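S.K.: just need the structure, nothing else, for what follows:
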Amino acid sequence: MTDFQAFENTGTIPVQKRHQFDVGALRNYMRENVKGFSGELVVEEFAGGQSNPTYLLTTGGEQYVLRRKPPGNLLKSAHAVDREYRVLTALQSTDVPTAKTYSLCTDDSVIGTWFYIMEYLDGRVIWDSTAGPYAKEERHDIWDAANDAIARLHNVDFEAVGLSDFGKHSDYIARQISRWSGQYEYTKTESNPYMDNLIEYLPKNIPIEDSCSIVHGDPQIANMMMHKQRNEVIGILDWELSTLGSPLSDFAYLCRPYRDALRGAELASLGIPSEEEYVEAYCRRTSRDGIDNWDYYLAFNMFKMAAILQGIAKRVLDGTAASDHARAAGAGAPMMARLAWAQIDKSVVIDDE
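M.R.: Model (predicted):
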């Protein structure tokens, strides 16, 4: 879901014991519900930190992707694969790059939990777009392609594609602040004055914004499948946080690296557009004159990320997240909160040491 998970996502693995299911039952379901499916079925699991287990299905010369709710007791609103399926299916008639959907199954008796089947996209996932083995021109095009993809999403008339009831049409940021403030307080392990400042400041200073669009919720280059040869997005991935909300907040999440991983970097030498150029390109594509209160949107997204990282820190402390990547991610919560507050209070000094 979030960018720190990319380091553990390295292709497919044999299906983990806790995620196994009756492959024969799935094969029978696909024969009846997926047009053109036939033959035997080989199932592998995609590695990584997806909260919804994701599988590669292979039969003859065809491949599909299956995403399912994980087994076990779940929160009622969590792991809503039906929402993912709905938004992906609605976007088929638009110019937003997405995988084609084939079938949604809400019958637990087939493989144990709800699931859906979609097209397998044969492309590239760019895990590290700030470095990695890319020429300047290629990296520039990758960043611009991501900008174009998220602009296409935000330009969709959600009512015209049947998603008017996909979420509330207002108060997205207020609801998100409330949610993540509560999550932070629940997982708090030590005093963090920057988070305290943010929890006090953010709800009192929400920008007035009358725009509403489909929002992805976790837009980052690592959540976009690039064409194998061309630097263009062929599919936006990982829709579990999608809803209706603030497009400016969603775009600011994509831009978060400018104030974090790319802070102090020589962007020209990397081929990455400047932050100003990137915002201008998005505004041009979405017919905006500019974005007011830009620092607020960045601070809000950094605050949300700090709350997510704090949750990981709590799981590490509780012994339920033991990997080195989880430990490193959790340890980054205080700095992320400090970065967030620095977008509001320009006197805050960021010390990388």
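S.K.: going forward, measure contacts and count neighbours with C-alpha atoms only.
M.R.: Will do.
S.K.: which stretches of the stretch 101-250 of the chain form strands?
M.R.: Along the stretch 101-250 of the chain, the segments classed as strands by DSSP state E, counting those that start in this stretch run 101-105, 115-119, 124-125, 213-215, 224-226, 233-236, 243-245.
S.K.: where in the stretch 201-350 of the chain is pLDDT low?
M.R.: Applying pLDDT under 70 to the stretch 201-350 of the chain flags residues 321-322.
S.K.: could you dump the strands of the stretch 101-250 of the chain into CSV and include distance to Asn197?
M.R.: What follows is the strands of the stretch 101-250 of the chain, written out as CSV (distance: least, Cα to Cα, whole Å):
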stretch, distance to Asn197
strand 101-105, 43
strand 115-119, 41
strand 124-125, 36
strand 213-215, 27
strand 224-226, 33
strand 233-236, 34
strand 243-245, 24
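S.K.: ok, which of those comes nearest Ser178?
M.R.: With Cα to Cα as the criterion, Ser178 lies closest to strand 243-245 of these, at 14.7 Å.
S.K.: partner strands of that closest one, with direction?
M.R.: Using DSSP bridges, the strands paired with strand 243-245 are strand 213-215 (antiparallel).
S.K.: just the residues contacting the partner strand, thanks.
M.R.: 153-158, 242-247, 250 (Cα atoms under 8 Å, 6 or more residues apart in numbering).
S.K.: of those residues, buried ones?
M.R.: Leu153, His154, Asn155, Val156, Phe158, Ser242, Thr243, Leu244, Gly245, Ser246, Pro247, Asp250 (16 or more other Cα atoms under 10 Å).
S.K.: ok, of the contacts of strand 213-215, which one's closest to Leu26?
M.R.: Among these, Ser242 lies closest to Leu26 (Cα to Cα), at 26.8 Å.
S.K.: quick check: phi and psi on the closest one?
M.R.: Backbone torsions of Ser242, given as degrees, to the nearest 10, read phi -70, psi 150.
S.K.: what sits closest to it if chain neighbours are left out?
M.R.: With Cα to Cα, 6 or more residues apart in numbering as the criterion, Ser242 has its nearest non-adjacent residue at 4.3 Å, and that residue is His216.
S.K.: quick one: the helices in the stretch 251-353 of the chain?
M.R.: Taking DSSP state H, counting those that start in this stretch to define them, one finds helices in the stretch 251-353 of the chain at 267-270, 275-285, 294-318, 324-331, 333-344.
S.K.: export the first one to PDB, keeping only CA atoms.
M.R.: Put plainly, it is helix 267-270. C-alpha atoms of helix 267-270 as PDB (Å, rounded to 0.1, in the frame of the first residue of the first chain):
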ATOM      1  CA  LEU A 267      16.800  17.300  -9.800                       C
ATOM      2  CA  ALA A 268      18.200  18.500 -13.100                       C
ATOM      3  CA  SER A 269      21.100  16.000 -13.000                       C
ATOM      4  CA  LEU A 270      18.500  13.200 -12.200                       C
END
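S.K.: list the buried residues for that helix?
M.R.: Using 16+ other Cα under 10 Å as the test for burial, helix 267-270 gives Leu267, Leu270.
S.K.: which residues touch it?
M.R.: The contact list for helix 267-270, computed with Cα under 8 Å, 6+ apart, reads Thr130, Ala131, Ala135, Lys136, Arg139, Pro273, Ser274.
S.K.: how far off centre is it?
M.R.: Here helix 267-270 shows a centroid-to-chain-centroid distance of 25 Å under the convention Cα atoms, centre = their mean, to the nearest Å.
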